[in-house]
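[1] The amino acid sequence is not available; the structure is as follows:
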């Protein structure tokens, strides 16, 4: 038996070595990057006549090195797309799969920031100080979110080996307090080896009014203004195509590395109406039927083994039959919207693939396409949402009647929608659990397709080797013939922690070279080792946003022999305690090696702002000037749950009215603004996107020409978080209006909208000026001053805010 194993490994090794040798003419070994200056080999005389020039030889990529297109979508489950048996047609993904390979045992890190950090570095997420999403970092080596310089990126290495590099779409790898225009910018994409960036920074964005950055500067897309905005997936495809054409047209012999990361299909699920309409009626039979249908199709296609079991639906998820007819109609619509979003995203990706083909580069482009950065998201609650942040974090009530009343708006600019939990569970078929749950494959198993027409000959092949997201960087290094340096930009580098997958290209039956891999997220953890998987039992449902009542050290453990039990359906812990104990020891070894400790399942410490650096802590007076826009919420004055005063110094031109925004934060789904509307000073507050939650306090008189101070004072009621208060509007020190604001935002205005002075760069707080955004102030604005009163929240109030934060951060 041992001799047989050695023989198999030997064959795999020979195949790998032979394949690697055939890829390129040689491997570029460079221990230090950047390279030291080259010696001058010419001749220097007194004049040019008696001198011989010698230009330094510029860096060039290895002869024949392929282009690399790295694609990763967001919150897409293993079973969502058609190449993996899913119900959503993805012709572009199908095309690549038919021309390349599908990987059925590829894994991510159960949440976005951790997966994304591992993807571009080839190191585990805790090695990158990215043990959780950026917004809940804590002061431990595996969790502080400041990715160390010793974890250099694949983009930086490829750039210094002669590649052009670019990044499109979602980032979510910048520490929360680094995201403003004050920087620092070393952990932004352009500081990590990407020569060009066009995308957004946070966990999600409004696809119809996106918080876009170009390199390090915030920009406003003209295509998204007005009542017919362009979807961001189309915008980013346009930018990628323009960059690819320019790069090839100017330097056709220089390879490119492009990282393409759509925000789809993370909430909000946004899609053009015509794409949603394609799926009308297709999900009317419900999530239970869909799961059975996917399971059967996966077996028929060979995606899962014939003996793979379908894990049962948890008792906490209701059956489709138990839903009323009204609920079924609404929930089917929500799934139609999700499907439309993913299908539309696939179409836009197809345009990028077509552009590469048009410039003649597709044959020698290795396309690595990961469908999802974690499992499908169950954060939409059991009934789905129309306002992700409002409902989860701020306690905005959304009744069934209300959700049904806006069914036609779902997917459009007036909604920030998410689907019910049960759809996520179905799209993770045949596995247990969903996004967030790193201990089970529903949270970590994602579809992967690799296409490289010039080198991969087994077109349409399926690969079942066990691999992880950290294995893609070493795969890229092998196929490009480049070695990762020991010293990068003056910093000694950590070893690459992944292993190359290139050996699988030519050998479907080669044994997996990844024999051990740990998983951990929010206390949920697992260890894969030699075909076995030990995993903790989740004690918090992914859609229940309160912390675990017990510490992670008390989590029960499960045991699966996944080499024979593909879907991890049969828990063997009680029958094989010795194997479980052995694997627990392996996890402990890996956890110590990769900075996984200390484990934290409570979330409380992570949500305390005092544990992270801050640009605003301790300040109560803020002064801003026109043009200061796109200030992220994390670096703006915190005006929640307290009294405050806003004062704007303005001048109205002679002979005319002045209109526009003086200062605002957030937008349609939660926010506030001080503005002149029809010439009248007005304060507005949006507790949510529902009209009943919009508050307006307005002067009955227009401002006369000349200089004025416009002031708004808010006296918070206290007695808890998100309570109401009395607002008073004053002009030149005289009260002109007063009114109650019954409910205020208690935890977060928005995940992507910002604080702006003199205009509104996001969505309008009230619909009266929605078609006039950015609604720049037409008079003269000298400055805006904000004075914050100390908050008077009790310990119980802070606990309420903390619970809201848990909900939001889990969703992010």
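    Okay, I see it. Owing to the predicted nature of the structure, the values given are computational and were not obtained by experimental measurement.
[2] Just give me the residue closest to the centre of the chain.
    residue 203 (4.4 Å; C-alpha atoms, centre = their mean).
[3] you'd agree that one is in a helix?
    No - using DSSP: H, G, I helix; E, B strand; the rest coil, the assignment for residue 203 is coil, not a helix.
[4] tell me the pLDDT at it?
    On the pLDDT scale, residue 203 is placed at 94.
[5] pretty sure it contacts residue 750?
    No - contact criterion C-beta atoms under 8 Å: residue 203 and residue 750 do not qualify, at 11.1 Å. In this view, the C-beta of every residue, glycine as well, is placed from N, C-alpha and C.
[6] returning to that earlier point: for residue 153, see how far away the residue nearest to the centre of the chain is.
    20 Å (C-beta to C-beta, to the nearest Å).
[7] helix, strand or coil for residue 258?
    From three-state DSSP, the assignment for residue 258 is strand.
[8] Equivalent analysis for residue 471, please.
    Counting by three-state DSSP, the backbone at residue 471 sits in helix.
[9] Now for it: which residues touch it?
    Counting by C-beta atoms under 8 Å, 6 or more residues apart in numbering, residue 471 touches 122, 498-501, 514.
[10] cool, and residue 76?
    265, 342, 371-372, 376, 427, 446-447.
[11] Could you list which of those residues belong to strands?
    371, 447 (DSSP state E).
[12] quick one: which of the contacts of residue 76 is nearest to residue 319?
    Closest approach between the contacts of residue 76 and residue 319, by C-beta to C-beta: residue 427, at 16.9 Å.
[13] Give me the spatial nearest neighbour of the closest one, chain neighbours excluded.
    Leaving aside its sequence neighbours, residue 427 sits nearest to residue 77 (C-beta to C-beta, 6 or more residues apart in numbering; 3.5 Å).
[14] ok, the residue nearest to the centre of the chain to residue 374 distance?
    Residue 203 is 12 Å from residue 374, by C-beta to C-beta.
[15] Show me whatever sits in contact with both of the two.
    By C-beta under 8 Å, 6+ apart, the residues touching both residue 203 and residue 374 are residue 112.
[16] distance between the ends of stretch 556-566?
    Stretch 556-566 stretches 21 Å from its first residue to its last (C-alpha to C-alpha, to the nearest Å).
[17] Name the residues of that stretch that are buried.
    557-560, 562, 565-566 (16 or more other C-beta atoms under 10 Å).
[18] Going along the chain, name the strands of the stretch 251-400 of the chain.
    Assigned by DSSP state E, counting those that start in this stretch, the stretch 251-400 of the chain shows strands spanning 256-261, 365-371.
[19] How about the stretch 601-750 of the chain?
    Going by DSSP E, counting those that start in this stretch, the stretch 601-750 of the chain shows strands at 621-624, 644-652, 660-667, 670-677, 680-686, 694-698, 706-716, 725-731, 734-741.
[20] Generate TSV for those strands, with distance to residue 285, mean neighbour count and mean pLDDT as supplementary columns.
    As requested, the strands of the stretch 601-750 of the chain are exported to TSV (distance: least, C-beta to C-beta, whole Å; neighbours: other C-beta atoms under 10 Å; pLDDT from 0 to 100):
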stretch	distance to residue 285	mean neighbour count	mean pLDDT
strand 621-624	54	14	98
strand 644-652	52	20	98
strand 660-667	37	26	98
strand 670-677	35	25	98
strand 680-686	38	24	98
strand 694-698	38	19	98
strand 706-716	50	19	98
strand 725-731	49	19	98
strand 734-741	45	15	98
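[21] looking at these, which is closest to residue 452?
    strand 660-667 (43.2 Å).
[22] elements contacting the closest one?
    For strand 660-667, the packing partners by 3 or more C-beta pairs under 8 Å, 6 or more residues apart in numbering; DSSP states H and E come out as strand 644-652, strand 670-677, strand 755-757, strand 780-788.
[23] So what angle separates the directions of it and strand 780-788?
    40 degrees (axes from the mean of the first three to the mean of the last three C-alpha atoms, to 10 degrees).
[24] Which residues are in contact with residue 271?
    231, 337, 340-341, 343-344, 411.
[25] ok, so what distance separates it from residue 348?
    Taken as C-beta to C-beta, the span from residue 271 to residue 348 is 11 Å.
[26] residues shared between the contacts of the two?
    What both residue 271 and residue 348 touch, as defined by C-beta under 8 Å, 6+ apart, is an empty set.
[27] Need the strands of the stretch 251-400 of the chain in TSV (columns: mean pLDDT and distance to residue 646).
    Formatted as TSV, the strands of the stretch 251-400 of the chain follow (pLDDT from 0 to 100; distance: least, C-beta to C-beta, whole Å):
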stretch	mean pLDDT	distance to residue 646
strand 256-261	98	37
strand 365-371	98	45
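[28] So, low pLDDT: which residues of the stretch 401-550 of the chain?
    Along the stretch 401-550 of the chain, the model assigns pLDDT under 70 to residues 545-548.
[29] What segments of it are helices?
    Taking DSSP state H, counting those that start in this stretch as the criterion, the stretch 401-550 of the chain contains helices spanning 421-426, 441-444, 472-480.
[30] for the ones you listed, which one sits closest to residue 256?
    Per C-beta to C-beta, nearest to residue 256 of those: helix 472-480, 11.7 Å.
[31] helices and strands around that closest one, which ones?
    So helix 472-480, by 3+ C-beta pairs under 8 Å, 6+ apart, packs with helix 2-23, strand 67-72, helix 112-121, helix 154-159, strand 365-371.
[32] Just after the first one, pick out the following helix or strand.
    Sequence-wise, the next helix or strand beyond helix 2-23 is strand 32-33, with elements assigned using DSSP states H and E.
[33] ok so, going back, relative to residue 787, tell me which of the strands of the stretch 601-750 of the chain wins on proximity.
    Nearest to residue 787, of the strands of the stretch 601-750 of the chain and by C-beta to C-beta, is strand 644-652 at 4.5 Å.
[34] quick one: contacts of the closest one?
    Applying C-beta under 8 Å, 6+ apart, the external contacts of strand 644-652 come out as 637, 658, 662-663, 674, 676, 679, 683, 703-714, 777, 779-789.
[35] which residues of the stretch 251-400 of the chain score low on pLDDT?
    Counting by pLDDT under 70, the stretch 251-400 of the chain shows no low-confidence range.
[36] which residues of it fall in helices?
    273-277, 286-301, 325-358, 388-393, 400-405.
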